[in-house]
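S.K.: what's the 3D shape of this:
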Amino acid sequence: MDYLLAKVKDKRNPYRILMADKAVYIKPDTLEDCIRYEPANKLEDDQWFYVDEFSQKDYCMDLLTDDGFNSADFIEINRMCPEKMDYLISYQSGMYFYFQRIFKYTVIQNKKFIHIGDDVEIKEEKNAIELKEIPDAVYSRREDRLYFRKLETIMPIFRGIDELYREATEDEVEEFLENDFVCLRNEFSPEQVKKANRKRIALAMDTLEKLDQKQKKKLFEYTNEYFPGLKFNGQTFEISGEDDLKNLLYGIEQRFYTTPVTNEKRCASAVYTL
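M.R.: Sure thing, here's the model as predicted:
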């Protein structure tokens, strides 16, 4: 049986049953077009991020890890206002959990509509929640995989999942810019590094830790080959601003490539291992 639940502001009974025997969402066909979540990756249209082995993560809720779903464990919703609900959970086909955040703009309060059908009439909605066609997240029990599009949207649902969004600390930014292969110019300083490059620095530091000196040398030569505008004397890159830093970090992540047919040099906005 399918169930629609609401997460409410009640520590003793946080999940309440709204209705039963009704599938609210249709599984998106686009779930098959997905890439593993990395902070620096960008989704194409209709793509999804995924996190595997989700039940093993600290931020996975108990509701998803229980062996079975027993409706007797939940009480039915009372006359609670939609504003006191945080998000919806639709459990469907004994396999999928669909999640939708409740925002102020999705709550309909005391609004009148002209309903055009067999008859034209005025209807009033007092406490209603707009259901999205596409949910904010989908969890598949069979695959033990969470699908989502925007990490920021699901952070309040899965507390602690923001650890996936690793941003370099101030100390780490300073440490990276103090590397021997970096030479700062035009008074560019760690304090000027913005959020996007902080994420890239976190990834680059993880990458560099796995490389030996010979591999690093090859990586820097590759970066210079694809982006000669980034000044490189064979030992150090001159970093005069955010764009220089971004291109160096893209090089460390090996995002530059050449198309095999047209021989065009390009930069990938998202990468994943095949």
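S.K.: count the residues that sit near residue 208.
M.R.: 15 (other Cβ atoms under 10 Å). Backbone N, C-alpha and C define where each C-beta goes, glycine included.
S.K.: is it in a helix, a strand, or coil?
M.R.: At residue 208, secondary structure determined by DSSP: H, G, I helix; E, B strand; the rest coil is helix.
S.K.: now do the strands in the stretch 51-200 of the chain.
M.R.: 75-76, 85-92, 96-101, 107-108, 111-116, 120-125, 128-129, 137-140, 145-148, 182-184 (DSSP state E, counting those that start in this stretch).
S.K.: centroid residue for the chain?
M.R.: residue 151 (3.0 Å; Cα atoms, centre = their mean).
S.K.: for it, which non-adjacent residue is spatially closest?
M.R.: If the residues on either side of it in the chain are set aside, residue 151 comes closest to residue 165, at 5.6 Å by Cβ to Cβ, 6 or more residues apart in numbering.
S.K.: need the pLDDT of the one you found.
M.R.: Note for residue 165: predicted pLDDT of 80.
S.K.: same question, the one 10 residues further on
M.R.: Residue 175 is assigned 95 on the pLDDT scale.
S.K.: to what extent is the nearest residue to it once chain neighbours are set aside buried, counted in neighbours?
M.R.: Nearest non-adjacent residue to residue 175, counting by Cβ to Cβ, 6+ apart: residue 205, 7.7 Å away. Other residues near residue 205 number 18, with proximity taken as other Cβ under 10 Å.
S.K.: wait, isn't residue 205 in contact with residue 176?
M.R.: Yes. Assessed by Cβ atoms under 8 Å, residue 205 is found in contact with residue 176 at 6.0 Å.
S.K.: can you list residues touching both of the two?
M.R.: residue 168 (Cβ atoms under 8 Å, 6 or more residues apart in numbering).
S.K.: I'd guessed the residue nearest to residue 151 sits against residue 39; true?
M.R.: Yes. Between residue 165 and residue 39 there is a contact under Cβ under 8 Å: 5.4 Å.
S.K.: common neighbours of those two, please.
M.R.: In contact with both residue 165 and residue 39: residue 199, using Cβ under 8 Å, 6+ apart.
S.K.: how long is stretch 191-199 from one end to the other?
M.R.: One end of stretch 191-199 to the other measures 14 Å (Cα to Cα, to the nearest Å).
S.K.: and residue 8, what does it touch?
M.R.: Here residue 8 is in contact with 14-16, 77, 80, 84-86 (Cβ under 8 Å, 6+ apart).
S.K.: if we go to 10 Å?
M.R.: If a contact means Cβ atoms under 10 Å, 6 or more residues apart in numbering, then residue 8 has 14-16, 77-78, 80, 84-87 as its contacts.
S.K.: for residue 41, what are its contacts?
M.R.: Per Cβ under 10 Å, 6+ apart, neighbours of residue 41: 35, 47, 49, 203, 268-272.
S.K.: now do the SS call for it.
M.R.: Applying three-state DSSP: residue 41 is coil.
S.K.: ok, residue 78 touching residue 127?
M.R.: No. Taking contacts as Cβ atoms under 10 Å, residue 78 lies outside contact range of residue 127: 12.0 Å.
S.K.: of the two, which one has the most company?
M.R.: For residue 78 versus residue 127, neighbours defined as other Cβ under 10 Å are more numerous around residue 127 (13 against 7).
S.K.: quick check, pLDDT for the more buried one.
M.R.: So, for residue 127, pLDDT stands at 76.
S.K.: wait, it sits on residue 18?
M.R.: No. Between residue 127 and residue 18 there is no contact under Cβ under 10 Å: 11.9 Å.
S.K.: now the strands of the stretch 51-200 of the chain in CSV, with distance to residue 23?
M.R.: Shown next, in CSV, are the strands of the stretch 51-200 of the chain (distance: least, Cβ to Cβ, whole Å):
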stretch, distance to residue 23
strand 75-76, 19
strand 85-92, 5
strand 96-101, 9
strand 107-108, 22
strand 111-116, 24
strand 120-125, 23
strand 128-129, 17
strand 137-140, 13
strand 145-148, 17
strand 182-184, 54
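S.K.: thanks a lot, see you next time.
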